[in-house]
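In: Here is my input, please return the structure:
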Amino acid sequence: MAKSRPSVQKRNHENRKLAKAREKAARKAAREAARANRPEHEEGVDPDLAGIVAGPQPVRDDDYWDKEE
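Out: Below is the predicted model:
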């Protein structure tokens, strides 16, 4: 029976953990860069509501069903 090698297994586990931490830090840096490059919104204008027109909205092609009448 082969003897287990906990030191090698531990080293592999730590390397995976470090790689995951590096990837996470890279994703965080990318989010921060994207946030810094985002245009500022106008004062007093809600960015979630900007560009919305009141009234009926046009029907999108993917929402339309072919109805047989």
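In: helix/strand/coil for residue 23?
Out: Put simply, residue 23 is helix when judged by DSSP: H, G, I helix; E, B strand; the rest coil.
In: and it, how far is that from residue 17?
Out: Per C-beta to C-beta, to the nearest Å, residue 23 is found 11 Å from residue 17. Heads up, the C-betas are built off the backbone N, CA and C, glycines and all.
In: Ok, residue 39 next?
Out: Distance, residue 39 to residue 17, using C-beta to C-beta: 37 Å.
In: So these two - more neighbours on which side?
Out: Using other C-beta atoms under 10 Å as the criterion, residue 39 and residue 17 rank with residue 17 on top: 10 against 6.
In: Now do the helix or strand containing the more buried one, average pLDDT.
Out: Using DSSP states H and E, residue 17 maps to helix 6-37. The pLDDT scores in helix 6-37 average 95.
In: go on, stretch 57-69?
Out: Per-residue pLDDT over stretch 57-69 has a mean of 63.
In: Can you report how many residues neighbour residue 53?
Out: Residue 53 is flanked by 7 other residues according to other C-beta under 10 Å.
In: quick one: secondary structure of it?
Out: Applying three-state DSSP: residue 53 is coil.
In: and it, what are its phi and psi?
Out: Main-chain dihedrals, residue 53, degrees, to the nearest 10: phi -110, psi 130.
In: From the centre of this structure outward, give me the first residue you hit.
Out: In the chain, the residue lying closest to the centroid (C-alpha atoms, centre = their mean) is residue 31, at 8.5 Å.
In: Which residues are in contact with it?
Out: By C-beta atoms under 8 Å, 6 or more residues apart in numbering, no residues touch residue 31.
In: I'd like the distance between it and residue 24.
Out: As judged by C-beta to C-beta, residue 31 and residue 24 stand 11 Å apart.
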